[in-house]
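Novice: Sequence below, structure please.
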Amino acid sequence: MNVYTTDKIRNVALLGHAGSGKTSLVEAIAYLAGMTSRMGTVANGNTLSDYEKEEVKRGISLKTTVIPVEWDGVKVNLLDTPGSPDFIGETEEAVSVADAAVIVVSGKAGIEPGTKRAWEFCEKKNLPRMIFVTEMDDDHASFREVVQALQELYGKHIAPFHLPIRENEQFVGYVNVIQQKAKRWNDKGTVDKFDVPDYSRENLEICREALLEAVAETSEEFMERYFGGDTFSDDEIRAALRVGVHDGSVVPVLMGSNTLARGMFTLMADIIKYFPSPDQCKCAGINTTNNEVYNADYDFAKPKSAYVFKTIADPFIGKYSLIKVMSGVLKPDDVLFNYHRETEEKLGKLYTICGNKTEEVKELHAGDIGALAKLTVTQTTDTLSMKKTPVTFIRAAISKPYVYRRYTAKQKGDEDKISQALAKMMMEDPTLKTVNDGENGQTLIYGISGTHLESVQSVLQEKYKVEIELSRPRTGFKETIRKKADTEYKYKKQSGGHGQYGHVKVIIEPSGDMDTPYVFEQTVVGGAVPKNYYPAVEKGVIESVKAGPLASYPVTGVKVTLYDGSYHPVDSSELAFKVATEQAFKKGFMEAAPVLLEPIATIDVVVPDEFTGDVMGDLNKRRARVLGMNPEKKGYTDIQAEIPYLELFEYDQKLYSMTKGSGVFTYEFARYEQAPDDVAKKEIEANKQEA
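Specialist: Residues are numbered from 1 along each chain as shown. As a prediction, the model looks like this:
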C-alpha cells in the first residue's frame, strides 16, 4: 500500500444496529475499489471484515475490523464495528480513533436501538456523521420513512442528499437533491443523466426543503436569506454543507444497495469531500514532564506519538497493536517510550492491516491508522511517544462489564491452558475480566452480557482447543449472629502414647462491626488456659469464620471471647486447642440466632420512557426497592433502585428482551442485609444438598 500524507487520509467508523449492512457495505466498497475480484457475503462467511469462525457462525461482527480503502488518491480507513451491544467495547475502541462516522440504517427495518446508540456515540465524541440507508433494492425498503423518522428524532440536522428511483419494482437510479437531477445506472457501472420522474418530484421538494433548512442553520446570513425567500447556488450549498458536516450541524442522508454495489461511488465521494482529514481535527494529550497540554493535532512536524486503540493477540497471526499516529511520522525501527509502562519499545516493521491480513509500509504519517507487531509490554489505550517528549493521550472510556458467570474447566488439567488463553483474550477485549473469588470457592468471568460470555466460551473451544463450563455463580452471602451464646467444648483424644487435650469456654456475640469477620479477645484468669495456646485458639476462630456452620458462607460481625478452659500438662497441644475452638464456635454460633446476610446492589437502569412500566414491574418481581426515577437524555428515564445480587442473574437478557435492546444498566455494591426467611431457607437447603 502507498504512503499517504495526513491531508489524504479519512478515518471513518461504520456504526449502526446489528444486521443493518455495515459489513456488506464494506464488501461492496472494497470490490469497487478493486481490492477483491468478487463480493463476499455475510451468509457465505467470506467477507473481508468477518473472518473469525465465531463471526461466521453467528452471522454478525464480533470485533472491529480496519479496512483501508484507496479511493481517488485518498486512503479511507474504514472501521467496521459490531452493531450488537454485547460487543460494545469494540465499537468504543473504534470511535476513539475515528474522525467521522457513517451510521448505516436498514431501509427495511428503519430506525433501531443500534441506530440511536450510534448517534449517541457521535454526539459524545462530536463526530461529523452521515447516514447511509441500505437495502434500497428491496420492495419493503422505504427511504422516505427512514428520513421522516430521522427528522422526528434529530430535527433540522437531517439533510437528504439523494432520493431512490424505482421502476418496475427495480432500484434503477437516484435523484441528486443538490443538483435536482436524476441519474440512472447503466451496464458499464456508470450513470446516465435523465429528467426527474414526475412521481419523484413531490419527494424531491420535501427533501430539497429539508436540505435547504439544514444549510440555512449553518449561519445567520444564510438564515436571513432563507427566510427572505432567497435561493442558494449549488456551490453555496456545498460550501455550507462542508462547514455544517464538519461541526455536526448537518447530517447528510445517502442511500444505496450493498448487494447491487450501487450508491457506493457517491458515498465515497462525499466521504472524501465532506469529512475532515486528520489535519483538520484537534487532538491533545499531556506532556508528562511538565503536566502541560500537548497539542499534537496530527501535525507531522511535531515529535512522534501514537495511541494504541486495539490489540490483536491471535494464536495464528500473532500479536499486533493497532495504532493511530497522533503526531510526527513513524518509521521502521523507531524507538518510542511507553509512559504508562515506563519502558521503551522498538517498533520494528510498520504495517497496515486489512481484516486479518497485514501489509508492510515504509512509514505512517500523522493521522494514519496502522499496526505494530510484537510490542513487548504495550497494551490497549497506552500511548507511545519520544522519550524527550513523553506524552499520554486520554484513554478511551471502555464499558465496564457487569455480567458474570462461574466457570470451570471441562477437562481436569486444562486450567493453565484456559488461564493463558483467557489472558490473550483479555488483552484483545478490555470488557472481559476474570476474578478469583476465594471466599466462595469459585472463579468468575465477567463480560458485557451472557451472549458475550457464550461467545468467549465458543472461541476458547474453537481457537484455543480448551473447553469451559459456564454456570450460575454462587452469590456471596455471609453469615452472622443476632444474639449472645456462652459455650464450651472439650477435645479429648487418647490413642496410645501422648493424647490430645484442649478445653475452651467462649462467649460468642455480635461485634457491631459488619465489615470485619471477627474480633478475638481473651479474659482468662488464673492460667486456666496457658498464654502460649491463645494463638491456637485464634487460629480456630480464623478457620471457623471462613465457612460458617449455617450454610458454609463466610462469617462476619462476630466477637469471640475466651474466658476459661483447662489444659493437660502432657496431652495439650496447639492443634487440640484449635480443634476445640472450631467445635465450640460451631456450637455457639448455632445457639446465637444465626442469620444469612445477602449482598445488596444499587442499580441504575436507563430505558426509553415507553418501557418504564415493564422494567419497574420486573424490578419489583426481583425484590428490588425503587429509590427514584429521573429524566435522562431525551425520551429516556433513569430508574434507581436497590436490588439483591441474587436477582441480578440473567438480568441483562431480560432487560434486552423488555426494551428491544435499548435498555442499559450499571450497579455497584451497597451493603449486606438480612436475607428473607424463604431465601435463607432455600440457600441453606441447597448447601446441605451440595455438601
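Novice: Sketch out the low-pLDDT regions of this structure for me.
Specialist: For the chain, the stretches with pLDDT under 70 are 495-497, 691.
Novice: check contacts around the most centrally placed residue in the chain.
Specialist: The centre of the chain sits closest to G89, judged by C-alpha atoms, centre = their mean, with a distance of 2.8 Å. By C-beta atoms under 8 Å, 6 or more residues apart in numbering, G89 lies in contact with 398-399, 429-431, 448. To be clear about C-beta, it is placed using only N, CA and C from the backbone, and glycine gets the same treatment.
Novice: Give me the distance between it and V95.
Specialist: Going from G89 to V95 by C-beta to C-beta, to the nearest Å gives 11 Å.
Novice: do the same with S257
Specialist: S257 sits 27 Å away from V95, going by C-beta to C-beta.
Novice: now W119
Specialist: Applying C-beta to C-beta, the value for W119 to V95 is 12 Å.
Novice: cool, G21 as well?
Specialist: From G21 to V95 the distance is 19 Å (C-beta to C-beta).
Novice: Name the single longest strand found in this structure.
Specialist: Criterion DSSP state E: the longest strand present in the chain is strand 594-608.
Novice: Flag every buried residue along it.
Specialist: 594-601, 603-608 (16 or more other C-beta atoms under 10 Å).
Novice: and these, which two are the farthest apart?
Specialist: P594 and P608 (44.8 Å; C-beta to C-beta).
Novice: Would you map the strands across the stretch 251-400 of the chain?
Specialist: Along the stretch 251-400 of the chain, counting by DSSP state E, counting those that start in this stretch, strands occupy 251-255, 284-287, 292-295, 305-314, 318-327, 329-330, 335-338, 343-346, 350-354, 357-361, 364-365, 369-373, 383-385, 391-393.
Novice: Let me have these in a markdown table, extended by mean neighbour count and distance to R166.
Specialist: What follows is the strands of the stretch 251-400 of the chain, written out as a markdown table (neighbours: other C-beta atoms under 10 Å; distance: least, C-beta to C-beta, whole Å):
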| stretch | mean neighbour count | distance to R166 |
| --- | --- | --- |
| strand 251-255 | 24 | 12 |
| strand 284-287 | 17 | 48 |
| strand 292-295 | 14 | 50 |
| strand 305-314 | 24 | 40 |
| strand 318-327 | 23 | 41 |
| strand 329-330 | 20 | 48 |
| strand 335-338 | 20 | 54 |
| strand 343-346 | 14 | 55 |
| strand 350-354 | 22 | 35 |
| strand 357-361 | 15 | 38 |
| strand 364-365 | 26 | 44 |
| strand 369-373 | 23 | 38 |
| strand 383-385 | 28 | 51 |
| strand 391-393 | 23 | 48 |
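Novice: can you list these in a markdown table and add distance to K124?
Specialist: Below are these laid out as a markdown table (distance: least, C-beta to C-beta, whole Å):
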| stretch | distance to K124 |
| --- | --- |
| strand 251-255 | 15 |
| strand 284-287 | 17 |
| strand 292-295 | 21 |
| strand 305-314 | 16 |
| strand 318-327 | 18 |
| strand 329-330 | 28 |
| strand 335-338 | 27 |
| strand 343-346 | 30 |
| strand 350-354 | 26 |
| strand 357-361 | 31 |
| strand 364-365 | 27 |
| strand 369-373 | 20 |
| strand 383-385 | 21 |
| strand 391-393 | 17 |
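Novice: For A547, which of these is the nearest?
Specialist: Among these, strand 305-314 sits nearest to A547 (C-beta to C-beta), with 37.9 Å.
Novice: what lines up beside that closest one in the sheet?
Specialist: strand 318-327 (antiparallel), strand 383-385 (antiparallel) (DSSP bridges).
Novice: now those as TSV including distance to V251?
Specialist: Formatted as TSV, the strands paired with strand 305-314 follow (distance: least, C-beta to C-beta, whole Å):
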stretch	distance to V251
strand 318-327	24
strand 383-385	32
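Novice: K578: which of those strands is closest?
Specialist: Taking C-beta to C-beta, strand 318-327 is the member of the strands paired with strand 305-314 nearest to K578, at 49.7 Å.
Novice: and the angle from the closest one to strand 357-361?
Specialist: Orientation check (axes from the mean of the first three to the mean of the last three C-alpha atoms, to 10 degrees): strand 318-327 against strand 357-361 gives 50 degrees.
Novice: Please, where are all the helices along the stretch 101-250 of the chain?
Specialist: Remark: helices assigned in the stretch 101-250 of the chain by DSSP state H, counting those that start in this stretch are 113-125, 143-154, 198-216, 220-227, 234-247.
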